[in-house]
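J.: Next comes the sequence, and after it the predicted model I'd like to discuss.
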Amino acid sequence: MVGLTKRLRGLPFGLLALVLAQLPAWAEEAVPRVLMLHAYNYTFPAATIVSEVARKRLMERIPQIEIEAEFLDLPQRSDQALETHTADYLKEKYAGIKFDAVIAIGIGAVSFAVAHRDAFAPGAPVIFAGGTRADLPRLQLPDDMRGVITGFNPEKTLELAQRLQRNVRRVVVIGGSSKLDRHWQRTVREAFEASGSRLEMNYLFDWNYDAMIEQVSRLPRDTIVILLTAYADAAGRPLVPRDVAAAVAKASSVPVYGPFDTFIGTGIVGGYMETYVSLGQAVGEMTLQVLAGTVDAAKPAIRVNTGLTYRVDARAMRRWNLSENKLPPDTVVLFKPYSMWQQHRVFISLVVLVVGLQSLLMSALLFQRRRRREAEKSLRDSEARMTFTASSANVGMWQFNRETGEVWSTEHCRTMLGLPRDTELTRESFLAAVHPDDRDTVIAAMRSAEAPQSFDARIVLPTAEVRWYRIRSVPTPDAEGAPGKLAGIIVDITGQKVAEADAALQRQQVMHLMRVSMLGELSGAIAHEVNQPLTAIMSNAQAALHLLKQSSPDLPEVREALKDIVTEDSRAGEVIQRLRMLMKKGESHFQSVDIHELVRSTANLLHSELIARDVRLHTSLATGLPEVFGDLVQLQQVLINLIVNASDAMASTLPFRRVVSISTNMLPSGAVEMRIKDNGTGLRPADRGKLFEPFYTTKPHGLGLGLSICATILQAHHGELTLADDELGGAVAILTLPARQVLLTDEALFAAK
């Protein structure tokens with residue numbers, strides 16, 4: 001340059017100015033040299049992606065640039081002597097070559113450049129890619145180093161897993177045993193501990209490769225795996241993290257997540273990560289600024305890569321049945337298959353349109369020609385099929401015209417009604433076959449045509465046989481839209497009605513037998529209950545006779561004795577009357593029942609039995625309760641059964657705690673509630689769903705019919721019986737019955753409808 005300056009002094013001033021103007025152009029044409037240092041070897045996809053993207057970016061702007069690349073392979077062979085040897089090797093290899101910039105890819109390459117740059121590239125600025133903000137204090141970067149660090153955020157990967165899997169209870173974090181692996185492990189452990197997560201954290205770091213694969217294949221369902229880098233296992237076996245990710249994802253019994261972009265596509269679900277493409281673009285752009293000398297001093301030398309986002313593999317999502325609806329907004333879903341319609345919707349639409357128009361034009365004439373014949377044939381076939389199907393199912397079909405009174409029906413319907421084929425079916429002939437007691441119901445249904453109806457009626461056949469039929473109808477509008485016709489079916493339900501009557505009779509017999517059996521069990525207590533007033537009558541009668549033998553009888557005393565005799569006789573009569581009612585066999589007799597009187601009379605009947613069992617009865621009855629409507633005998637049977645069951649439940653309870661509590665109250669719905677509580681052991685979990693099943697019992701000598709019959713009785717009274725554990729111990733039977741006024745109001749509304 002000095003010799004060139006001397007020669008330029010002899011040139012004219014104008015020519016000199018022209019030459020000097022061209023000097024910047026010559027300087028710009030100088031070929032820059034860049035050295036890329038990879039912390040890994042060429043088999044690691046992350047390093048390859050970053051370096052390739054950065055190289056393409058540099059060559060787009062500077063096509064003649066010269067780029068050298070060195071693979072340090074630090075994660076798998078990391079020791080100080082090897083690093084020194086590698087630095088000496090690079091010094092000899094590039095002796096005499098001046099690099100304009102050094103690009104360090106990976107945290108290991110950054111540390112290597114900080115320690116040994118002066119050996120092989122003295123004075124060259126270093127631009128690096130990799131590491132996190134937590135690594136910067138440890139690296140002790142010189143002022144002339146610039147770079148792009150990753151926004152590594154493992155907490156968000158964990159948040160993604162929790163969004164997709166609500167039932168997660170534990171996390172297994174897997175990482176290798178190399179120096180760089182342990183670096184990422186420390187970072188992740190510190191991040192998870194600082195997050196305050198309540199999940200159970202398990203760190204699987206020092207492992208043998210085969211043992212680790214076997215272990216992840218047996219993880220419980222409420223677990224997730226978060227996979228970090230794995231450059232080597234505990235035995236020093238060299239590994240490639242992407243290959244490890246593929247093996248773990250394949251063998252794992254639970255979904256696997258990871259914070260590194262190269263893991264996507266290996267079978268893991270995904271994570272919060274940055275693409276290595278964006279990292280390569282960022283470091284390439286920063287290198288161009290350094291080479292051009294256009295670095296903005298106002299901007300920080302260390303920048304965080306902005307390419308971070310949630311990324312998931314659609315194939316892995318489908319494998320584990322994870323819903324895309326739970327993904328965070330702006331999540332990138334990769335490997336999502338597109339249907340043929342999504343790829344070629346415009347072309348397919350045009351083809352379908354053209355083919356459709358052609359088919360429409362070609363079939364229009366044929367359609368018109370065949371339409372009438374097919375419609376006629378279809379109508380005949382449909383009518384035949386409908387008639388055959390209805391007769392096979394023993395169903396008669398009919399239609400009634402309210403305006404003309406005409407009735408149409410299938411032949412099978414005529415047969416069911418007992419009408420000869422030659423008899424015209426009209427409204428009058430149909431009503432003539434209906435049982436007189438059901439005729440008003442049928443007439444009212446035929447007059448109403450606003451809504452579908454279903455009712456049961458009896459038909460008297462010509463042979464005087466009476467059969468039950470269920471008649472269903474729906475209104476069919478006429479041309480003006482008015483419901484002028486009724487169409488429907490009739491179904492023979494005689495067998496069902498007979499079965500219901502038999503079942504009701506058997507139920508009455510079983511309930512009677514249960515009452516007799518129950519009285520048999522209480523016979524000793526009942527005898528004692530009757531014997532008390534009889535003994536009192538005898539004592540009072542003897543006392544009266546003794547007083548009358550005196551020369552001057554004490555008539556007031558005699559009168560009191562006779563009154564006691566009358567009272568005790570009434571008491572004995574009440575006991576016998578209650579027993580007679582319980583022993584009586586017959587149909588249900590519904591009447592107004594006072595709940596409190598029911599409790600009082602039942603308590604009197606069981607008084608001696610409770611004393612014999614050493615059980616006390618405590619009542620807490622609400623005032624102003626309305627009467628209920630029901631059969632007094634059946635309701636007393638229910639109450640006796642529940643009180644005896646409560647006493648049986650306290651057989652093993654200490655005597656002072658054997659208390660049966662009966663309370664009543666009014667519910668907001670208008671129903672009367674009664675609670676019978678004991679202090680026993682409560683309900684066993686295995687019995688809770690079976691207590692109301694017939695013949696299921698927890699007693700050694702029980703029949704298993706008591707609670708089933710009680711529930712049936714209450715259902716017949718429009719009530720309900722439930723059993724539950726009480727908060728204070730023991731069990732409670734909750735009996736609800738509608739008040740008489742509420743029940744009558746509901747029945748009136750139902751009848752009005």
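T.: Great, that's in hand. Residues are numbered from 1 along each chain as shown.
J.: So Val114 sits against Gly147, correct?
T.: No. Taking contacts as CB atoms under 8 Å, Val114 lies outside contact range of Gly147: 11.0 Å. Backbone N, C-alpha and C define where each C-beta goes, glycine included.
J.: The two: which has the busier surroundings?
T.: Remark: of Val114 and Gly147, Gly147 carries more neighbours, 23 against 16, as counted by other CB atoms under 10 Å.
J.: hang on, isn't that one packed against Pro300?
T.: No. In this structure Gly147 lies outside contact range of Pro300 using CB under 8 Å: 10.4 Å.
J.: Show the pLDDT at Gly151.
T.: In the prediction, the pLDDT value recorded for Gly151 is 83.
J.: Pull the number of nearby residues for Gln591.
T.: Applying other CB under 10 Å, we find 11 other residues in the vicinity of Gln591.
J.: tell me which element it falls in.
T.: Taking DSSP states H and E as the criterion, the element that holds Gln591 is strand 590-593.
J.: Buried by neighbour count: which residues of that strand qualify?
T.: Val593 (16 or more other CB atoms under 10 Å).
J.: Now it: average pLDDT?
T.: Averaging pLDDT residue by residue across strand 590-593 gives 81.
J.: who's in contact with it?
T.: 627-632, 635, 740 (CB atoms under 8 Å, 6 or more residues apart in numbering).
J.: can you put these in JSON lines and add secondary structure?
T.: As requested, the contacts of strand 590-593 are exported to JSON lines (DSSP: H, G, I helix; E, B strand; the rest coil):
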{"residue": "Glu627", "secondary structure": "coil"}
{"residue": "Val628", "secondary structure": "strand"}
{"residue": "Phe629", "secondary structure": "strand"}
{"residue": "Gly630", "secondary structure": "strand"}
{"residue": "Asp631", "secondary structure": "strand"}
{"residue": "Leu632", "secondary structure": "helix"}
{"residue": "Leu635", "secondary structure": "helix"}
{"residue": "Arg740", "secondary structure": "helix"}
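J.: Lowest pLDDT pick from these?
T.: Ranked by pLDDT, the contacts of strand 590-593 bottom out at Arg740 (71).
J.: Number of residues surrounding the residue nearest to that residue when sequence neighbours are not counted?
T.: For Arg740, the nearest residue in space outside its immediate sequence neighbours is Phe629; the separation is 4.1 Å by CB to CB, 6 or more residues apart in numbering. The number of residues packed near Phe629 is 20, by other CB under 10 Å.
J.: What of Ala134?
T.: Ala134 has 14 nearby residues by other CB under 10 Å.
J.: For the closest residue to Leu204 other than its chain neighbours, list the residues it contacts.
T.: By the measure of CB to CB, 6+ apart, the closest residue to Leu204 outside its immediate chain neighbours is Ile174, 4.8 Å from it. Taking CB under 8 Å, 6+ apart as the definition of contact, the neighbours of Ile174 are 204-205, 207, 212, 216, 225-228, 230, 248.
J.: Whichever of those end up buried, select them in PyMOL.
T.: With 16+ other CB under 10 Å as the criterion, this PyMOL line picks the buried residues out of the contacts of Ile174:
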select buried, resi 205+207+212+216+225+226+227+228+230+248
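J.: Which pair of the contacts of Ile174 spans the longest distance?
T.: Of all pairs drawn from those, the greatest distance, 14.9 Å, lies between Trp207 and Ile226 (CB to CB).
J.: Just to check, Arg315 is in contact with Leu322?
T.: No. Counting by CB under 8 Å, Arg315 stays clear of Leu322, with 11.1 Å between them.
J.: So between the two, which is more surrounded?
T.: For Arg315 against Leu322, the residue with the higher neighbour count under other CB under 10 Å is Leu322, and the figures read 20 against 14.
J.: That one contacts Arg166, doesn't it?
T.: No. In this structure, Leu322 sits apart from Arg166 without contact. The criterion is CB under 8 Å, and the distance is 10.9 Å.
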